[in-house]
Each structure stands twice: as C-alpha cells, then as structure tokens.
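**Student:** Generate coordinates for the sequence data below:
(chains A, B and C)
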Amino acid sequence: MSLQYLKEAAAAGDGEKLIRYVRLHFGDGSEDAGRREIDKGWIQALLPLLDVPSTDRAFILETLRTRDTATLAHLYFHLHFHFVQRSGEWIHDGDL
Amino acid sequence: MTEHAKPPRAAFAPFMMGHHFGVPFHRDLQRRIIEDCLDLVVTAEQSGTIRDLPLTWAQARREGMEIERRLGLRG
Amino acid sequence: MTATSEPGPMGEGRQQLRPGLWATVNERYPGSMITKRDLVPLAPLGKPLSECRLTFVSTSGVQAKGSVPFDTVHPVGDYSFRRVPSASRVDELEIHQLKYPTADAHRDLNVIFPIERLQELAAEGVIGGLTEHFFTFIGYNMDPERLERTLAEDIAAAVSDEGADIALAAPA
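**Tutor:** Have a look, this model is predicted:
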C-alpha cells in the first residue's frame, strides 16, 4: 500500500485498513500469517517475564520518557521481529 | 515486472528469487549470464529490449548439483 | 534448454510466467507498484567493453559487514543505499533483507551478487574495470514516489560520480 493510501486510512480513522497493512507486513503478504506472527511475538515477550526476573525499569522508563514517538514506534516494530525471531519459527526469507 | 519498469535493456532468466545469477558454485553459468547482459549493452538497438536467456531453472539446478557433487559438497 | 528469443520490442508475444501477479500485488499493496509509461532513451555505448567501467546496482541488501544494517522492520521501508567496495571479498559482506530466500546466497554470494565474477571479468580485461563501489538497497519500499525522489536520485548521482560507463542492475 502506498503512503498515500495509509495516510488516507489514518485520516479517515480506518483502523481495519491500517491493521491489515501491519498484518501483511508481519505475515510476509499473508494476513492470516500476520495475525499468528503478532500472537507469537507477544507469547515470546511473555515467556521471559513469567519468573518475574529483575529488569532494567529505569532504562525502560527513561526511554519512554525521552525518546520521540517515531523512534518508540520504530522500536516497537523492531521488538516484534526480535521476539518472533526468538521463537525459532521464522516465516520470512532472509535475515533481519 | 520488467515490462512495467521499462529499463532500456533487460535480460531475463526464469530463475527463482534470490538466484538471478544462477546457482551456487556454477561459475560458468554465473559468468554467462553477465556476459549475455554485456552483449545486450553492445547490441540492443531499441529501448525496452528484453532478451530471454536460453536457460531453464531445471537445467541450472541439475548442472549446479552435478558441480557440487564433483566438488564433494553433496553426496 | 529453451530457445533464445530474438531481442525485440517488449510486450510482443511475451508469455507471462506468473499471469495476474501484477494485479495481485496491486490489490494487496495498492499504489505500491511503479508504473512507467515512457521508455528511457537508449544510450549507445560509444567505446569497446574492454574500455568501459562497470558498476553493479542491486536490490539484494548485500552490504559490508559493520555498515548500518538495512532496515528490514520499518513498515514503510528503507530508502537508503549502501556503497559496497567492488574489491570486497565475499566474507566481508552480509545480507539484511527479508524478501527473498538467501540460503544459496549464503553458500555462494555470486548467485545474487556476482562480485567475484565481475572482478574476474575486469581482471581478464573483458571489461575495462569496475567502479570503486557497487550500490545496493533493499526492495521493501512501499512508497514509490519517495523511492523515485530520494533513493533513485541518490544512487544515480553516486553512480555518475564514480564514472560508470555501464550499470548492471539486478533485482533480488
């Protein structure tokens, strides 16, 4: 989808078009695969927290406080792929 | 796709994505593809020329596997 | 082996290998495909190949180790390019992209980035030489207008600055 298409969807509040694009991006062109990838990413992010290990909350809070929205959003996409890769089930061709 | 992009000269090989210059260790094929492209640079007479290279993917794969066997890379 | 088709005007008698692909991609990613109406004027070579300096432009995502990885996660794509020293060894290069299978490229990079074959052709005098760098980018860029305005212009300028007589361009 072109940037114009996405911007029109954003202006119209058409969440369905926007999330469809995200699913296609994550699912390598398949929306169903994209749904599964989103779930997989969250499962992988949940697993290391089950034992409540100590984490660097200061870093997290500092990052959220000081970084601009676009950088945080870009990080969010990076984190998705990072956790999906950790699952060992890699549906994409190629390497990050 | 090539027809839509309209490069001035194009050589086309029916190979899978990620293999536009052939198969692993098949130096001769890789070189021939480039040489065919270079020939097209010299000989093409009109913009939009697309030349189909005289190759099939199946043949390229077979030759590549034979080369790998000779190199001891495959059983 | 299939017979070689005669070079000729495009569109005549060509059989599409994957009919409907264009329509499918346009349906899934509307507005993402570049469509050109005009042909680029053919520039005749003007001198023998053996005197020509060649550059290679590729969407393979091949880049020098240690250079900033192509951005494979950004939802709208990466509009940057990398300069890859044309004298590089294959073990000095790596691939960052998600849109084509790379198993064979990892075994022999030349299947997608024939740097060794081009080095050989230059060493043998078949071509006059190589530009100092080759140029790479990745194919995931969903804004064709931005692509044309930024990346395409940037690479064209870079290629020109390096004195290329011939540009071999390949998708991935």
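
**Student:** For the rest of this, base every contact and every neighbour count on C-alpha atoms.
**Tutor:** OK.

**Student:** Sticking with the residue nearest the centre of chain B, tell me its helix or strand.
**Tutor:** Residue closest to the average C-alpha location in chain B (CA atoms, centre = their mean): B:Ile33, at 4.2 Å. Element membership for B:Ile33 (DSSP states H and E) is helix B:27-43.

**Student:** so what strands line up beside the following helix or strand past that helix?
**Tutor:** For helix B:27-43, the following helix or strand on the C-terminal side (DSSP H and E) is strand B:49-52. Strand pairing for strand B:49-52, determined by DSSP bridges: strand B:9-12 (parallel).

**Student:** Tell me how confident the model is about the strand it pairs with, as a mean pLDDT.
**Tutor:** What strand B:9-12 shows for mean pLDDT is 85.

**Student:** Quick one: residues in contact with it.
**Tutor:** B:2, B:36-37, B:40-41, B:44, B:47-53, C:42 (CA atoms under 8 Å, 6 or more residues apart in numbering or on different chains).

**Student:** how close does the residue nearest to C:Asp108 when sequence neighbours are not counted sit to C:Arg37?
**Tutor:** Take C:Asp108 and drop its neighbours on the chain: the residue closest to it by CA to CA, 6 or more residues apart in numbering or on different chains is B:Pro24, 5.0 Å away. From B:Pro24 across to C:Arg37, the span is 37 Å (CA to CA, to the nearest Å).

**Student:** which of these two has more neighbours?
**Tutor:** Higher neighbour count among B:Pro24 and C:Arg37: B:Pro24, with 25 against 9, using other CA atoms under 10 Å in any protein chain shown.

**Student:** And what about the more buried one, helix, strand or coil?
**Tutor:** Following DSSP: H, G, I helix; E, B strand; the rest coil, we place B:Pro24 in the coil state.

**Student:** Thought C:Ala103 was touching it, still the case?
**Tutor:** No: counting by CA atoms under 8 Å, B:Pro24 stays clear of C:Ala103, with 9.9 Å between them.

**Student:** Closest residue of chain B to chain A?
**Tutor:** Chain A sits closest to B:Gly18 of chain B, with a gap of 9.6 Å, by CA to the nearest CA.

**Student:** ok, that residue - contacts?
**Tutor:** B:Gly18 sits next to C:Ser60, C:Tyr100, C:Pro101, C:Thr102, C:Asp104, C:Ala105, C:Val111, C:Ile112, C:Ala172 when contact means CA under 8 Å, 6+ apart.
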